[in-house]
Every structure is written in structure tokens, then in C-alpha cells.
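Novice: Turn this into a structure:
(chains A and B)
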Number of protein chains: 2
Amino acid sequence: MSDIIDALQERFGEKAVLTAHQIAERATGYWNSSPMTAKALLRPKTTAEVSAILKICHAHDQSVFTHGGLTSCVQGTKTGENDVIISLERMNSVVEVDTTSGTATLEAGVVLEQAQKAIAEQGLYLPLDLGARGSCTIGGNIATNAGGINVIRYGMARSLVLGLEAVLADGTILSSMNKMLKNNSGFDLKQLFIGTEGTLGIVTRAVVKLQPQQTTKNTALAALPDFNSVHILLNHMKNTVGASLSAFEMMEGDYFRAVTEPGWHRPPMERDYPYYILFECDGSDPQRDDERFSEVIEDAFEKGYIQDAVIPKSENERQALWGIRDDFEAILQPKSVYLYDVSLPILSMACYIQDVKNKLALFLPASKVFVLGHVGDGNLHFFVQPHSETPAAREFSDRGIYEPLKAYEGAVSAEHGIGFEKKKWLSQSRSAEEIALMRLLKATLDPKGILNPDLVIDQPKKQ
Amino acid sequence: MSDIIDALQERFGEKAVLTAHQIAERATGYWNSSPMTAKALLRPKTTAEVSAILKICHAHDQSVFTHGGLTSCVQGTKTGENDVIISLERMNSVVEVDTTSGTATLEAGVVLEQAQKAIAEQGLYLPLDLGARGSCTIGGNIATNAGGINVIRYGMARSLVLGLEAVLADGTILSSMNKMLKNNSGFDLKQLFIGTEGTLGIVTRAVVKLQPQQTTKNTALAALPDFNSVHILLNHMKNTVGASLSAFEMMEGDYFRAVTEPGWHRPPMERDYPYYILFECDGSDPQRDDERFSEVIEDAFEKGYIQDAVIPKSENERQALWGIRDDFEAILQPKSVYLYDVSLPILSMACYIQDVKNKLALFLPASKVFVLGHVGDGNLHFFVQPHSETPAAREFSDRGIYEPLKAYEGAVSAEHGIGFEKKKWLSQSRSAEEIALMRLLKATLDPKGILNPDLVIDQPKKQ
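Specialist: Numbering: from 1, shown residues only, chains lettered A, B, ... in the order given. Below you'll find the predicted structure:
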């Protein structure tokens, strides 16, 4: 046992410190089933305990990685045998749902879906939602500035955070549990901890802004003839039902066909269209909202923006449509798949997608590419199925996705973050000056470099 | 002439450098008519010129203050005879309105109203709006994270900024003119320059997110019996027309009566109610929006939330209602007035306002207090008319406003920022740890302390 483990066990008791053997029973993450590796894993119950752990680790120059729900898509939860892990899994209380101010106070380890439910029970709505809702935690959502399916209406995780508490590398607690929409009392320090993937501090609690529950939901799946129509339909929706438009999700024909193969999802319409859009409006005026939604779709038909549309007649039918978008087991199943998350201006998307396909056809001749995305947010996901999985195939696939992106002023990460996986591509989207400033911030807030070291940006080794 | 002026004149030509004599022809700001004081004022045309000026100032350890539209309410534009001013007034181009991505690219010196108009001409809408629109600049709006009247629907300036370009104290240009809603490619560095009042860098250009133009506007002025009804009405509106609610402005009876005295605004209803709320919904469906708005107001009447209401029958009548909210000349006119801007949870407001009035009655017996605010955002403005203006009166007035705030976890600045004026009160809203981190950031990004020195936080003098 090392000094650090002794010090931690002395402070927290033997039971509170999971050792390498116990840790190995856990998987590294949702996307990586190999056993977790670390020197120790601690499960603090309070912010004060997080602070105490960090003080000890700081004194010992001990690297510390933060674990939330382990759903990172960018190797954000990878650790080594010399690292200590802090898991927020026991800081999982919904501290308060304040219906008067329209806020919720949450501990970082609350699973997103639990928070959604607790808030819904109080008659309010947490607009953050993403596929990993059943596992991911609020702390992880904030640390990675999570996006998801409601961004077009409600923004990213950053825009929902009113107050935040975080612990710095040396154990200093920064608590600013603000509940107001407006607070310009000095620098807005919470921004330092949102989207920085735990490299500048560990998020322990947050106040999030809630919305009224919407009582109507109108959904449609539409088939479109070309990408230009996608863009025109998006503007049509924005100009008519913009305030209530909560999702606008694109699936390319190849994606739609793959997930509606026999044995997978039942196809709700013809399978041979080039593009499919799943969109949804939430409102609070049943009769008028329904009428308006129908009008807007009829208008889109008449103007030729869409060629076919399905409107679900029940919640089951609606869920089935969303299943096509959310459940892509058919693509994951047959063999290994590389998942990508990029953003770029919508008008460049058609060209960019073609560029990627051309590159992949060249680099990885027998590969398949499936494209879908939160197109209203400028966000595309790619699934690349290489013919055979090799390090070289991965490298070629990465190049196929990222190299064409720079010309379109796109971002190598839209919502998944950088983690370890995308570090080498960061310079496609960020200038040398920007990366230098990221390093400077890291060196300033964590001069020993103990906090999630080498995530997002490489840093000098510990002093 | 000092070395620095020589160096600046050599680089930019004599004409480009206004000297102390010329500068004195300008007023310090909208709220301070005393002559501007400085060693020199430079009016760069490009980001490269801002960078060049800062490089020279940095080499000479020269303090530099940034000027936008000079509408600061917190002495944010005050300079001394040894300072250099950079005014962004000639960087005033609307570079691009991109109707496909729904963004505008603006130089920092663009006057807000000019930006609003240029964007409206392209059929889109810039949701940032505030009383100072005719003078304030986009750069100033971003540097101070401006709020205003549309925050309840669209958020603060921070939430509108997608991309930003800023120049650091040493002249380094950080350019990240992102147009996407989602971009998690490393730390979101633009947050460092939003709301930090020019202390960490000078904002030179920005990409802002636009909204569809709304085609319907429904407005009402309602009279309410007590503060509890204000809160209930707000929730009633959020739960019914929440997605389209773009303003919810409160005026206390005393404020309403003062600005509708004979000779000022014509009172549109009885003047003896305790509270008045001006609210507005913007939509895109003329008939249904009007019907729904009427329904919601009738419902509020029936439920007793409101006692009287006026719905304007023309744009002129609507403007007249907004005049009562926006134009408080009647209060500014008679004698000097102290203006305050704070935020706190809405449920605490009634108690807090009473606390303030009690304190002021004690400290400043013959003073008058007028309260209004963006109550939907938790934001209150106070006008305090002291019986006679003395430094002691100002001190007592400040204490009356700020001292009770801490107990309610309020913020000493909601939307005006800290400037020089509120520095001594910052610790009411921020912990020692937070202020220490603000200082650390300042020392890291501007180690010589040349950039808007001593704004927001005191700093060690130049090295």
C-alpha cells in the first residue's frame, strides 16, 4: 500500500476506500467493458469529503480522475493503475425542487433520469435529455456541457446551470448556488467548470433552471427528397412554430434503412427516401397546438418541402418513431463501429457529408457510413463500420471525418467533449493561441496537474 | 509627451491618437457629464490595430481602458489622466447577417440598435434589447453580459454569443468565430470575456445567435393587489403562454404614480393600485395568439390574480404603455437619484423591498424609493431620491440596498455589472474563495494589470 492509500484510509476508514481488486469488478465505461484500473476509488458523501480527498491527493501529488455515470463517448473515464478515482455515485440527492423560483438543486451524482422524474413529480420540467439519461449523471452532464435532443429549444447544459459548487485541485470549495436568471456580480466563475471535463475542478452540486411542463406534444416523421429540403423545412418550422420546436432530428436514408431492416424497427413509411426528419413541438394549448401543427405540415407538403409524413396516433406510436432515432442496435450489432460527433454550419453539411464519404471510400473501401444528427443544432453523428477493425482502419476513419472539417469551420466535438480520444484532433478546431490559453488556465487552477490529467489537453507532467 | 504617446503616434500617425485636450471635449459617460480624462484615446479600425495598441501599451506597462457606448451605470468608463483609452467606435460594421445559419457577425463597436435594424432588414431578430439601445455597443453588451427586457425568454447576452474574438493584454488575438449551437471542442474560452467588463481582454468581434422574427405581439398592463399576486400571475403566464412570454415587468404603485403625474405619462388606468405588471407575448400565429392571450388574461381576472388590465389597441398605445416602464424622467428630473440593480429569488422580494424601505426610512428619513424591475428574471431596480445629496446620503442609501441582500442570497449586480461603483459590495454576493479566484484569473491573463485595472476587483499595482 502506498502512502496515499494509507492517508485516505486513515481519514475515511478502510471500507470507504475501494482498492484495485474491488475496482476491477467494474467496467471502464458504457462503451468500454474492460475492467477498471486504479490504485483506489473513493465514494465521498459530501462536498467536504471531496475537498478532504483532494487535499490529501494534492499533498501527495496524486492524480485523480472523476467518475460520473461512465457514459463518455470519448474515453473520458479511462484511468491507469497509478490513478485515484473519485466517484460521485453516493452524492445522488435531489436536494430541492423549488417550484417558486423554478429551480432544482442537485448533487452531482444524481442520475439524469432520476432528476427528470423528481422534477416532473413537482410539476416542472428539466429540459436536459439525452440517450444516456438512465446512466449519466448531472455532474457529468455539466462537466461535459452535455447537449442532446432539446438543445434547439432549451440550449446545452451550460444554459441550464444557474448555480454551481465545485472543488478545486487543492481542495478549495467554490460554492455559488445562485438561483437567479441574472447575476453579474463579478466574473461568472461557474463557466470554468462547465464543459472542461473535470480538468479545472470537480462539480459537486448545481442549481438548474427548470421550465413549465408542456401539456401538448406534436410529433411527425417526414421524408425529404434532398438535403436542401432539410434546411428549408427547418426554417419553415422555425418561422411558424419556432418557439415550441423542441426537436429536429435528421436521419440519412442509409441509417433509416439499416435500423428498419427486418428484425429491427418496423418501418412506418417507405424506406427509400434520401432523408428522414423526426421533429416535435411541445406546447400548452391542446386544440390550437394540434391545429397549428397540422397546418404547418400541410403547408410543407404543398410547398414540396416534404414528400411523405407520418404523425403518430398514440404515445406508443410516438415512442416507436423515436426508437428509430434513438435505438441503433442494428448498426452496433454486426461488428465494431466508430462513433463520431461533429458540428458545422448547416449549409455546409451536404458537401461535408459527401467529402467524408469520398474520403472513406478511398481510405476504407469496404466501409459503411451512417449519418444522423441534431441537425437543427448544426450537429451530426456518424457511425463508421470498417470492413475489418484494425488500428489503421480507425486512423483512416478518423482522418476521413476530421480532416475535411476544418475547411467548413466545423468543430471536432459538438457535444461529446474531447476526453482522451479527440485530443490529437483539437487543433483542427482550435488555434494555437486558444490551446495555449487552455493550458495556461489548467496550469493556473491546477498547478500540480493532478485533476483528470491529460484529458482534453496534454499537460506537462507533475512538478 | 510621454514615451508611450510617441510610440503610439509613430505607429498609427498623429491624427489617429486623440490627446488629453481633444478627449476633454467628450463626456465621461451617459450618467456622468464631467469631461473625460486620459493621456490618449485611440480609435482602432481593426482587430490587428487593437492588438498593436495593446502590444505597445503592454511593453510600456500602460493602463488601458476600453470604451463602448459609455452607458455604464456602475462607473465602468471612468479614467484618469495617466490612462490610455481604446474606443471601439470605428469598429462598427455589421460584418454579416447569415440567414441560413441564423447568425450575425458584428464588430464590437456596432451600436445595439444599428445591429437590431440591420438584422431585422434581413428578416431575423436579435433578441438583445435594453433601454440604452441607441448608444450602447455590442462589445459593451458582451463585456458586461447585458440583460434587458427579453431575458425571460431569450437569456442574457452570454446566451446569445456563439463566437467571439478578443485581444489579450499582451496583444494576443484569440479568434473563435463559431456559428454552431453546439461546440465542445475544448474549453469554451469566450466565457472568459463575457461579463468580465474588459478586465481579461478586449472584445473585438462576435457571432450572435438570431431568432425568427415574430409576427404577433400581445401586450397588457395589469393592476395587482399584492406581491403574492405578482408571483402567481408570473407562474400563470409561464404555464399557459410560457414559450412566447417575452417580457414581464413590474412597477410598484409609487413608481407608477410618480411617472404618471400630470405633465408626464398619461395614466392608462387608475393610479392607486399597489402593483402594475406590463407583460408581452410574441408569436407567429395571428388569430390563435390573440385568442389565447385574451383567454389567459380573462382567466387571470376570474381567478383574482389581477384587478384591472389595459390591452393596447394600437402600436401607439402599446408604445405609450412601454413609455411608462422605460421613461422615468419624472423621477430623474427633480433632483439627484441613486440607481440600483440587484437580483434575488422572487419569493423573497416582498420582504426584501420592505427591509430596504425600513432601512432607508431609518437612515435617510426624508428619502423616496421607487421600485421596478424585470421581476420574471429575479431582477429589481431601485431609484432612491435622497432628501439632500451628500456623500453620507449615498453611503446610507447603498447600505440600505445592499446590506439586507445577503440574507436573501441576492446579487449586488443583476445586469449592470460591478464597474468601480459596486466593488466594495462584491463580497456581499461572493465568497472570499470566489474573489480570490477572480484575482487569480486576472493575474494570469493580465499579469501586468494593464487592462481596465481596478475594475470589478482591486488588484495589486503594476509590476
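
Novice: Return the residues in contact with the spatially closest residue to A:Ala300 that is not a sequence neighbour.
Specialist: Nearest non-adjacent residue to A:Ala300, counting by CB to CB, 6 or more residues apart in numbering or on different chains: A:Ile306, 5.0 Å away. (Each C-beta comes from the backbone N, C-alpha and C, glycine too.) By CB atoms under 8 Å, 6 or more residues apart in numbering or on different chains, the residues touching A:Ile306 are A:222-224, A:229, A:233, A:277, A:297, A:300.

Novice: A:Leu189: which of those is nearest?
Specialist: Here the nearest of these to A:Leu189, counting by CB to CB, is A:Ile277; it sits at 39.6 Å.

Novice: Please give me every residue in contact with A:Val230.
Specialist: A:Val230 makes contacts with A:224, A:250, A:275, A:277, A:346, A:375, as judged by CB under 8 Å, 6+ apart.

Novice: shouldn't the fifth one be in contact with A:Gly373?
Specialist: No: with contacts defined as CB atoms under 8 Å, A:Ile346 does not count as touching A:Gly373, sitting 10.0 Å away.

Novice: what ranges of the stretch 1-150 of chain A fall below the confidence cut-off?
Specialist: Applying pLDDT under 70 to the stretch 1-150 of chain A flags residues A:1.

Novice: That one: strands as residue ranges?
Specialist: For the stretch 1-150 of chain A, applying DSSP state E, counting those that start in this stretch gives strands covering A:17-19, A:27-29, A:32-35, A:40-42, A:64-67, A:84-87, A:94-98, A:103-107, A:124-125.

Novice: Make TSV out of these and add distance to chain B.
Specialist: Conversion of those to TSV gives the following (distance: least, CB to the nearest CB, whole Å):
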stretch	distance to chain B
strand A:17-19	27
strand A:27-29	18
strand A:32-35	20
strand A:40-42	23
strand A:64-67	16
strand A:84-87	20
strand A:94-98	8
strand A:103-107	8
strand A:124-125	10
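
Novice: Same list (those) but as a markdown table, adding mean neighbour count and distance to B:Ala118.
Specialist: Below are the strands of the stretch 1-150 of chain A laid out as a markdown table (neighbours: other CB atoms under 10 Å in any protein chain shown; distance: least, CB to CB, whole Å):
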| stretch | mean neighbour count | distance to B:Ala118 |
| --- | --- | --- |
| strand A:17-19 | 19 | 59 |
| strand A:27-29 | 17 | 48 |
| strand A:32-35 | 11 | 50 |
| strand A:40-42 | 24 | 55 |
| strand A:64-67 | 25 | 45 |
| strand A:84-87 | 24 | 50 |
| strand A:94-98 | 17 | 40 |
| strand A:103-107 | 25 | 36 |
| strand A:124-125 | 20 | 36 |
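
Novice: Could you dump the ones you listed into TSV with distance to B:Val342 added?
Specialist: As requested, the strands of the stretch 1-150 of chain A are exported to TSV (distance: least, CB to CB, whole Å):
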stretch	distance to B:Val342
strand A:17-19	46
strand A:27-29	45
strand A:32-35	49
strand A:40-42	40
strand A:64-67	35
strand A:84-87	37
strand A:94-98	19
strand A:103-107	18
strand A:124-125	25
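
Novice: B:Gly201 is nearest to which of those?
Specialist: The closest of those to B:Gly201 is strand A:64-67. By CB to CB, the value is 29.2 Å.

Novice: tell me what the closest one is packed against?
Specialist: helix A:47-59, strand A:84-87 (3 or more CB pairs under 8 Å, 6 or more residues apart in numbering or on different chains; DSSP states H and E).

Novice: Determine which stretch of the ones you listed is the most buried.
Specialist: Between the helices and strands packed on strand A:64-67, strand A:84-87 has the highest mean count of neighbours, a mean of 24, where neighbours are mean count of other CB atoms under 10 Å in any protein chain shown.

Novice: That one: partners in the sheet, and parallel or antiparallel?
Specialist: strand A:40-42 (parallel), strand A:64-67 (parallel) (DSSP bridges).

Novice: Residues contacting the last one, please?
Specialist: Looking back up the chat, that one is strand A:64-67. Under CB under 8 Å, 6+ apart, the answer for strand A:64-67 is A:38, A:41, A:53-54, A:57, A:77, A:79, A:83-89, A:139, A:143, A:198, A:202, A:450-452.

Novice: isn't A:Leu168 right up against A:Leu54?
Specialist: Yes: the criterion here is CB under 8 Å, and A:Leu168 meets it with A:Leu54 at 7.5 Å.

Novice: which residues of the stretch 51-200 of chain A fall in helices?
Specialist: Secondary structure of the stretch 51-200 of chain A by DSSP state H, counting those that start in this stretch: the helices cover A:112-121, A:138-143, A:151-154, A:157-160.

Novice: what packs against the second one?
Specialist: In this structure, helix A:138-143 packs against strand A:103-107, helix A:112-121, helix A:157-160, strand A:202-209, with contacts taken as 3+ CB pairs under 8 Å, 6+ apart.

Novice: same thing but 10 Å
Specialist: strand A:64-67, strand A:103-107, helix A:112-121, helix A:157-160, strand A:161-167, strand A:202-209 (3 or more CB pairs under 10 Å, 6 or more residues apart in numbering or on different chains; DSSP states H and E).

Novice: per-residue pLDDT, the nearest residue in space to A:Asp272 that is not next to it in sequence?
Specialist: Of all residues not flanking A:Asp272 in the chain, A:Gly253 sits nearest, at 7.1 Å (CB to CB, 6+ apart). Listed pLDDT for A:Gly253 reads 98.

Novice: Done for today, thanks.
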